[in-house]
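Pasting a predicted model and its sequence here:
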Amino acid sequence: MKKLLADMHMHTLVSGHAYGTIREMAAAAAEKELSLIGITEHAPGIPGTVDPFYYLNLEVIPRTIHGVEVLHGSEINVLNDGTLSLGQRYINHLDYAIAGIHMQCYENAGRDQNTTNLIECMKHDKVRFVSHPDDDRTPLDYDRLVQAARDYHVALEVNNSSLIKKEKRVNCYDNYRTMLDLCQQYRVPITVSSDAHDPSGVGNFTLALELLEEIGFDEDLILTNDIDKLKSFIR
């Protein structure tokens with residue numbers, strides 16, 4: 001498969017349970033020969049994460065660090081009322097947003113309602129990715145999800161961290177196989193991300209790439225192997 005050049009989902013120490021600075025994450029990306037990273041701190045709802053005030057001052061951060069381009073996002077929680085956990089005032093300062101279900105601030109509502117709640121958040125014009133849609137503790141209807149991703153210009157993530165800790169992400173391998181088959185059927189793009197919480201994890205896509213190669217996934221649908229394609233999709 002083509003080399004992946006971007007990692008759009010990672011967390012620094014301000015997320016509360018991650019262990020690197022932005023500069024350390026960028027340095028790790030440079031070592032992995034990545035061209036672009038997205039810093040995506042957890043939004044309110046995750047214990048210990050940063051106050052939203054943080055997002056108002058992102059403009060002071062250099063856009064290139066250690067030769068790696070830096071974009072600013074947030075992994076925003078899907079709430080049980082189908083809304084995002086970060087206010088619009090703060091979302092306005094992001095380059096993009098990731099919508100994701102986290103059990104720290106979400107109660108399983110069943111497959112249909114979980115899917116509806118996630119789709120409602122996907123309609124927001126800054127949401128460009130869905131994080132780790134793979135865990136049967138909050139099951140999803142993948143046919144509905146993939147068609148909604150097509151309709152609302154959202155890419156679905158294959159999360160390498162989920163595959164590393166598969167015992168905590170119930171049925172994640174089978175769920176990804178189902179989702180990816182539908183992505184090929186409906187021509188819906190994906191992103192491959194490390195979800196790194198430490199510099200050592202930046203650019204680690206090993207298990208995700210093994211899965212994609214195993215099923216013969218169409219490389220044209222992978223956004224993170226082409227920087228121009230990725231940026232066009234986000235913007």
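Sure thing, it's come through.

contacting residues for the residue nearest the centre of the chain?
Central residue of the chain (C-alpha atoms, centre = their mean): Ser131, 3.9 Å from the mean position. With contact set as C-beta atoms under 8 Å, 6 or more residues apart in numbering, Ser131 has these partners: His9, Glu75, Ile98, Ala99, Gly100, Glu157, Asn159, Ser193, Asp195. To be clear about C-beta, it is placed using only N, CA and C from the backbone, and glycine gets the same treatment.

quick check, nearest of those to Leu230?
When those are compared for distance to Leu230 (C-beta to C-beta), Ser193 wins out at 11.7 Å.

so how many other residues sit close to the closest one?
29 (other C-beta atoms under 10 Å).

Hmm, it is touching Val158, no?
Yes. Counting by C-beta atoms under 8 Å, Ser193 touches Val158, with 7.4 Å between them.

residues shared between the contacts of these two?
With C-beta under 8 Å, 6+ apart, Ser193 and Val158 have common neighbours Ala208.

so what's the spatially closest residue to the residue nearest to the centre of the chain that is not a sequence neighbour bridging to?
Nearest residue to Ser131 in three dimensions, chain neighbours excluded: Gly100, at 3.4 Å (C-beta to C-beta, 6 or more residues apart in numbering). In this entry, Gly100 is beta-bridged to Asn77, by DSSP bridges.

Tell me who's in contact with Gly100.
Gly100 neighbours (C-beta under 8 Å, 6+ apart): Glu75, Ile76, Asn77, Val78, Val130, Ser131, His132, Pro133.

Would you mind giving those as JSON lines with distance to Met25 and pLDDT added?
Formatted as JSON lines, these follow (distance: C-beta to C-beta, whole Å; pLDDT from 0 to 100):
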{"residue": "Glu75", "distance to Met25": "14", "pLDDT": "98"}
{"residue": "Ile76", "distance to Met25": "19", "pLDDT": "98"}
{"residue": "Asn77", "distance to Met25": "21", "pLDDT": "98"}
{"residue": "Val78", "distance to Met25": "25", "pLDDT": "98"}
{"residue": "Val130", "distance to Met25": "22", "pLDDT": "99"}
{"residue": "Ser131", "distance to Met25": "17", "pLDDT": "98"}
{"residue": "His132", "distance to Met25": "19", "pLDDT": "98"}
{"residue": "Pro133", "distance to Met25": "24", "pLDDT": "98"}
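
Adding distance to Asp226, write these out as a markdown table.
Formatted as a markdown table, these follow (distance: C-beta to C-beta, whole Å):
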| residue | distance to Asp226 |
| --- | --- |
| Glu75 | 23 |
| Ile76 | 25 |
| Asn77 | 29 |
| Val78 | 28 |
| Val130 | 20 |
| Ser131 | 21 |
| His132 | 23 |
| Pro133 | 22 |
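
between those residues, which is closest to Leu94?
Nearest to Leu94 among the contacts of Gly100, with distances taken as C-beta to C-beta, is Ile76, at 9.0 Å.

Grab the nearest non-local neighbour of that closest one.
Nearest non-adjacent residue to Ile76, counting by C-beta to C-beta, 6+ apart: Ala43, 4.2 Å away.
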